[in-house]
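Asker: Have a look at this fold, sequence not included:
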């Protein structure tokens, strides 16, 4: 049984009749890194949002199985508790919510769901220091409000830091490379690579191939107009970089 | 000798005849300057009458329906008995302070634990101060809380009996906070009118915490007037916690006046009460004054809380900061009217005012009126007001990290209130308030589940 | 502040009024005073239908009640002035004893010249293309241009009096439907004695092909102006309308108490702009000037309708007006963009009311107040979100600029929230022209006057941008003239 199985997924925006995903199929297992590439508006971020449980999208057809369980039946927090983690493209600022409080609540919620004991204050802080190092995040940042006053790079590293803290089984990175300069990109990728493991799967969503130079995927899927039009190995990303999205678009049109 | 207000007469006349009956004799007559204001005050009250919501200043708050009840006026000097165990339930844990307890507006020496104060510092009843420090009382009493346009201040001034008196002499710092525990105890519906006077002389430093409790299910109406004076280079840090029963109502008027280079800060946190009206007027009358006004109101059930603030910049080169926040749940109502007034020639004023509200329920209402009235040109004044819901993006973010929806909402509400809580510079009080806030926020969602 | 800057600012504050001349046109004026006979007289002179006289009389009787009750006079605004003596005003004044002109040929040359001097040629060949003009002098509409061309599209643009005669069914349906005569003191007065004004009707689905514009001129001494404007935009229509106002210099105060009613049906949009430049009174003494006490209100009746008010207020001794929008239709939009410039002894208490009743309604308020000399400038506004107005949104921004230390700038916003899904945001600032901004301009070679003009213009930019293009230049110039002074 695969970790994640997306079958013929059709998704529309609530209140509007616009279909964004038009039958997506995807199977991902632990230990694997899948990349989803595609032009703007192809629906790749929508897929991430639906996986994480955003309510403004309506699934009109198809299903998502996570560990064999119907993921769509679960609330956003239940998915998080079961190990689904979304690194946001635009991490939300939460003025007044301290990083420490937030993380402690999140970590303990997830631990409780796994049947583990709450982390004591000492152990928790130790874990924070250890995991913050993974992404070169200054421990000082954990004293501030969540994402408030963070630079673009700090926000993205903070997402990976939270990934490290919550130890999910399925990590979805939504355009984690957007807005990052090359140094920040390297820091984030290093962090992700350290977190790759046999019992964890990654779904990496990106517009550009350059992220995949650092986080090398096992599978690459190209999404155009709400469908996966092509899948392959890491070389597909390279081809795409050379030929552009027009190439797959035309191919998809020809096939249709 | 308690007097009961005769509700068959119109509200105004009830007070006039109660004043007549007591004839000033049953009232505290220990100090000439306190007594001397009574006649003028009752006359002015007779002219003004009980405020109605036809007046612009009372547009959203109809206090007349609260005033219009059959209250007992406890005019005798006797303080009802209160068990020390009752006190235990309300005291703030781990607060190392000079504790003074008032019962129905009078200082209760038996329950107070004032401890050792620095030389010259006085914490006593206003009645005692009138006898022991008549010159200080004379110099400040009735000087800041003007009753010309304020009927409720006139009423308090006419009936004033007692209250808290704090005096900090020049250059003296009171390290530990002065902690006033105000208790109201009565079997019958009761109206009390405490009068507090705080005088911090030049260079004096003090922190005053006032917590208002009611130990009764009867309806309580408190009409408080508080005057505060801070001399040059002085610093008074003032906190009010309004945690009375839901059958309690109050009109609370604070008039603060401060001189060159001084700082006056006040922070009012309102968690309960049927109808609460806070009038706060600050007059920084000297150069380089700093005035800070903070307030937090967490509405539930049928609560109605109205904060009126005025910073009257009569002098150039001053700064004022104001932040009031409201969270409204159930059928609660919130009113905020903040005014920054910059007089002609009061140049180089920096005045900031902000009012933020979160409305959680369909039945709740928020009325906001942030005003600027500016007659000098070289100023930086701004105000902002927002009203909205919790940020749903933020809630989703929290949920996607595993927090339940309820926990996410509580955390977001705590965050909303955080900058007011952060302004509490007494650790034990901050802890105490944080705990109370957390309980309140949790209760919002427990009921709806 | 440098010496020259001080002098310049003083100059700004004392810059005089340009349109202060008056035209010698013989006028047929009603005797002074306010009574039922005058109301009948006005109605008769205007050859009005019976029902309209009836409406006026009902309004007058209501107003009589108000006059007897001293408390009914609106004194809550931040304004100090001697109440106008309503018995000392003539309520009807028609140039050359004629209450209406049938064609442009009948209009006396003096009148045409008056409007020429104001920069409003009424001959169509001289017109700005794309703008139809209705010119109102004292109580009477002098001429309406491009009428025929508009008619082709079905757009009715004419004086109110004409409309009452020719299209009684439309007028009757809408008159008083947005501002009932019981609304307030001056609305009641206007309803009884209103003289003329403009009427616009845009039929379903029509986009009015040109800007419509009315110029109001008070000319006669001892008269008041009480125009009444009604604009009805049917389903899916669009119209942009602009009014301009001037008056001669008079030692006594003249009363202007207009009512403007806008009705926008489903998917309709009305854009209403005002360039108000009534005589502001003597800048030194404060003597004379127009009392501009006006009620303007629009209703977004249908879903997805939109009403937008833009105003540039530079004139009048006293201004009190709050162009408002009732957002009744779902997804309807209300906007208010305002620049109020006061100097000398001028006083303005102006702002808006946005009343959200429908779902997903949106309103925007941007108000810029500039105060110089001894002027007092107040923003007063109300944002109200009704109990059933789900997802209402409002953004308000009120900025005040002070020029000189004798003036005042005030902000009195009321915010009433009755629905938890409302998001309301209000911001206000008050400051003077920054010394660093002035210095920056000086350093780049600009003199006091240019610098101030530049900065004030920048301050007002987003409002001026809302004016129809044809008038934006005019507005900018007006603002520049207002700022002009003798630089030492």
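Answerer: Great, that's in hand. The structure displayed is predicted, hence computed values, not measured ones. Numbers count the residues shown, from 1 in each chain, chains lettered A, B, ... in the order given.
Asker: where does the nearest residue to residue A:177 once chain neighbours are set aside land in three-state SS?
Answerer: Once flanking residues are discounted, residue A:177 sits nearest to residue A:211: 4.0 Å by CB to CB, 6 or more residues apart in numbering or on different chains. In short, each C-beta sits where N, CA and C put it, glycine included. Using DSSP: H, G, I helix; E, B strand; the rest coil, the secondary structure recorded for residue A:211 is helix.
Asker: Hmm, residue A:189 and residue A:211 touching each other?
Answerer: Yes - contact criterion CB atoms under 8 Å: residue A:211 and residue A:189 qualify, at 6.9 Å.
Asker: shaky segments in chain A?
Answerer: Scanning chain A for pLDDT under 70 picks out A:256.
Asker: same thing but 80
Answerer: For chain A, applying pLDDT under 80 flags the ranges A:1, A:14-17, A:139, A:251-256.
Asker: Helices of that one, residue ranges please.
Answerer: Secondary structure of chain A (DSSP state H): helices at A:44-52, A:76-81, A:99-113, A:121-134, A:152-166, A:182-195, A:210-214, A:234-243, A:245-255.
Asker: Same question for the stretch 151-300 of chain B.
Answerer: B:151-159 (DSSP state H, counting those that start in this stretch).
Asker: ok, the residue nearest to residue A:177 - contacts?
Answerer: A:176-177, A:185, A:189, A:204 (CB atoms under 8 Å, 6 or more residues apart in numbering or on different chains).
Asker: from those residues, which is closest to chain C?
Answerer: Set against chain C, the nearest of these by CB to the nearest CB is residue A:176 (30.2 Å).
Asker: For burial, what's the neighbour tally of the closest one?
Answerer: 27 (other CB atoms under 10 Å in any protein chain shown).
Asker: pretty sure it is touching residue A:87, no?
Answerer: Yes - checked against CB under 8 Å, the pair residue A:176 and residue A:87 is within contact range at 5.4 Å.
Asker: shared neighbours of those two, anything?
Answerer: In contact with both residue A:176 and residue A:87: A:156, A:159-160, using CB under 8 Å, 6+ apart.
Asker: got a winner among these for most neighbours?
Answerer: Greatest neighbour count in the shared contacts of residue A:176 and residue A:87, by other CB under 10 Å, goes to residue A:156: 28 neighbours.
Asker: what residues are up against that one?
Answerer: A:87, A:91, A:176, A:179-180, A:184, A:188.
Asker: Could you tell me which residues make contact with whatever residue of chain C ends up closest to chain A?
Answerer: Ranked by CB to the nearest CB, the top residue of chain C for proximity to chain A is residue C:360, at 10.7 Å. Going by CB under 8 Å, 6+ apart, residue C:360 touches C:330-331, C:390-392.
Asker: Among those residues, name the ones in helices.
Answerer: When the contacts of residue C:360 are checked against helices (DSSP H), there are no matches.
Asker: Who wins on neighbours among those?
Answerer: residue C:392 (28 neighbours).
Asker: surely that residue meets residue C:385?
Answerer: Yes - because the distance of 4.6 Å satisfies CB under 8 Å, residue C:392 is recorded as touching residue C:385.
Asker: what's the burial count for residue C:32?
Answerer: By the criterion of other CB under 10 Å, residue C:32 has 15 neighbours.
Asker: now do the one 5 residues further on
Answerer: The burial count assigned to residue C:37 is 11, neighbours taken as other CB under 10 Å.
Asker: hang on, it in a helix?
Answerer: Yes - under three-state DSSP, residue C:37 sits within a helix.
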